[in-house]
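K.L.:
I'll drop the sequence and a predicted model, then ask my questions.
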Amino acid sequence: MSAEIDPVKLMKQEVGKAAAALVESGTIVGLGTGSTTAYAIQYIGDRLKSGEIKDIVGIPTSFQAEVLAKEYGIPLTTLDAVDHIDIAIDGADEVDPNKNLIKGGGAAHTREKVVDALANKFVVVVDSGKLVERLGSTFKLPVEVIPMAITPVMRAIAKLGGKPELRMGIRKAGPVITDQGNMVVDVTFDSIDNPAELEKTLNNIPGVLENGLFVGVTDVVLVGEVKDGKPLVYEM
Ligand SMILES: O=C[C@H](O)[C@H](O)[C@H](O)COP(=O)(O)O
């Protein structure tokens with residue numbers, strides 16, 4: 001009897017492989033965070049190992065991406081050592097029809113925004129369950145906040161009409177702590193009508209480091225889908 005293959009895992013694998021195929025020899029590659037990008041990192045490593053591509057360097061967007069890149073043999077560098085990024089590959093929690101995103105489900109959105117926004121080509125990898133008509137409809141908006149400002153920031157967000165919740169750790173007592181040593185507030189908004197404006201408004205609250213709205217940054221969205229039991233990838 002053959003074991004059931006998880007369709008979501010299959011979509012993530014296929015879309016990760018499709019994104020990894022876009023990486024060319026001699027390029028600087030932004031390495032995103034999350035379970036979908038993890039497959040892209042794995043396949044980039046496979047292509048390097050097989051000699052299909054050579055001379056690439058990665059810029060990780062998180063501790064997780066750094067660990068995976070090392071595991072799969074991708075040499076790493078930092079933003080201090082390069083003057084551009086050719087391509088960045090990263091996941092998302094929601095994608096709207098204008099290719100705007102909510103990111104930060106893994107609390108990595110601050111570094112991701114730095115790297116993804118610098119890339120000449122920013123490729124988003126998602127399974128079809130992440131596509132939404134309106135941002136905020138299925139996922140709470142992550143906001144990274146410096147710890148001493150957590151109470152006033154939550155108050156300010158509530159005044160904007162959001163319902164903020166401090167993100168708590170799983171198998172760790174207390175709040176989630178980001179790679180920068182900060183906390184994350186997940187905010188429910190009844191409706192995000194103007195993502196560009198909300199992105200700026202939230203970042204303007206003293207104590208907010210960065211929020212998970214990525215507006216006007218994406219170049220390509222690769223979507224993984226399973227149809228009749230078979231995985232397929234298309235560009236949105
Ligand atoms: O902070 C995490 C990132 O923004 C991820 O790229 C995002 O949460 C999507 O992750 P996944 O591919 O695991 O759904």
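P.N.:
Received the coordinates, thanks. Numbering: from 1, shown residues only.
K.L.:
quick one: the residue nearest the centre of the chain and Glu210, what's the gap?
P.N.:
Geometric centre of the chain, nearest residue: Gly91, 4.1 Å, by Cα atoms, centre = their mean. Gly91 is 17 Å from Glu210, where distance means Cβ to Cβ, to the nearest Å. Heads up, the C-betas are built off the backbone N, CA and C, glycines and all.
K.L.:
likewise Val184?
P.N.:
Note on Val184: its distance to Glu210, by Cβ to Cβ, is 10 Å.
K.L.:
what do those two both touch?
P.N.:
Common contact partners of Val184 and Glu210 (Cβ atoms under 8 Å, 6 or more residues apart in numbering): Val143, Glu144.
K.L.:
quick check on Arg155: phi, psi?
P.N.:
Arg155 adopts backbone torsions of phi -60, psi -40, taken as degrees, to the nearest 10.
K.L.:
any stretches of this protein with poor pLDDT?
P.N.:
Where the chain drops to pLDDT under 70, the residues are 1-4.
K.L.:
mind redoing it with 50?
P.N.:
Within the chain, the stretches with pLDDT under 50 are 1.
K.L.:
tell me the helices and strands packed up against the longest helix along the chain.
P.N.:
Identified as the longest helix of the chain according to DSSP state H is helix 35-50. Under the contact criterion of 3 or more Cβ pairs under 8 Å, 6 or more residues apart in numbering; DSSP states H and E, helix 35-50 touches helix 7-20, strand 28-31, helix 63-71, strand 85-90, strand 119-127.
K.L.:
gap between the first one and the chain center?
P.N.:
Meaning helix 7-20. 15 Å (Cα atoms, centre = their mean, to the nearest Å).
K.L.:
quick check: buried residues in that helix?
P.N.:
Within helix 7-20, the residues scored as buried using 16 or more other Cβ atoms under 10 Å are Leu10, Met11, Lys12, Gln13, Glu14, Val15, Gly16, Lys17, Ala18, Ala19, Ala20.
K.L.:
ok, those vs the ligand, which is closest?
P.N.:
Within the set of those, Lys12 lies nearest the ligand; the separation is 6.6 Å, counting by Cβ to the nearest ligand atom.
K.L.:
near the ligand, which residues of the chain? Just list them.
P.N.:
32-37, 90-93, 103-109, 112 (Cβ under 6 Å from any ligand atom).
K.L.:
what's the nearest residue to Ile85 if we skip its chain neighbours?
P.N.:
Spatial nearest neighbour of Ile85, chain neighbours left out: Ala119 (4.3 Å); criterion: Cβ to Cβ, 6 or more residues apart in numbering.
K.L.:
wait, isn't that neighbour in contact with Asp86?
P.N.:
Yes. Because the distance of 7.0 Å satisfies Cβ atoms under 8 Å, Ala119 is recorded as touching Asp86.
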